[in-house]
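S.K.: Sequence plus the predicted model coming up.
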Amino acid sequence: MILGALTSHVPTIEVGASYRREGGGAFVETAYVLEVAPDRLGIPHVRFQLQVARGACRPTIETRTLSVEAFQSRFRDRIRERH
């Protein structure tokens with residue numbers, strides 16, 4: 001049972017899914033996953049479009065890449081798809 005507590009379930013990152021991270025105040029980052037693939041060394045990475053919103057200012061949008069592990073630790077909240 002101890003092993004189960006140490007290896008908590010981490011959801012799979014899916015292409016097309018969106019994830020959100022809220023910071024202090026009105027700071028919100030939204031990541032839209034474009035690709036999940038290994039780099040030249042075989043380390044899995046996530047390429048994503050990042051939108052950063054700060055209060056009433058116009059949001060900035062750019063493309064970034066993080067390792068899967070770094071992405072999962074930064075973006076924990078998946079945004080539910082709207083139908």
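M.R.: Thanks, I have the structure now.

S.K.: how about the nearest residue to the residue positioned nearest the centre of the chain, chain neighbours excluded?
M.R.: Nearest residue to the geometric centre of the chain (Cα atoms, centre = their mean): F75, 3.9 Å. Distance criterion Cβ to Cβ, 6 or more residues apart in numbering; nearest residue to F75, sequence neighbours excluded, is Y19 at 3.6 Å. For glycine as for every other residue, the C-beta is placed from the backbone atoms N, C-alpha and C.

S.K.: That neighbour bridge partners, please.
M.R.: When bridges are called by DSSP bridges, Y19 pairs up with A31, R78.

S.K.: correct me, but it touches I79?
M.R.: Yes - between Y19 and I79 there is a contact under Cβ atoms under 8 Å: 6.5 Å.

S.K.: which residues of the protein fall in strands?
M.R.: 18-22, 27-38, 44-54, 60-67, 77-78 (DSSP state E).

S.K.: ok, back up a step: next one, pLDDT for the residue nearest to the centre of the chain please.
M.R.: pLDDT recorded at F75 is 94.

S.K.: Quick check: it touching E22?
M.R.: No - contact criterion Cβ under 8 Å: F75 and E22 do not qualify, at 10.7 Å.

S.K.: Overlap of the contact sets of the two?
M.R.: E29 (Cβ atoms under 8 Å, 6 or more residues apart in numbering).

S.K.: right, and P44 touches A37 too?
M.R.: Yes - at 7.1 Å, P44 counts as touching A37 under the criterion of Cβ under 8 Å.

S.K.: in this protein, which segments are predicted with low confidence?
M.R.: 1-11, 81-83 (pLDDT under 70).

S.K.: try 90
M.R.: 1-12, 22-27, 54-59, 80-83 (pLDDT under 90).

S.K.: Thanks again, I'm all set now.
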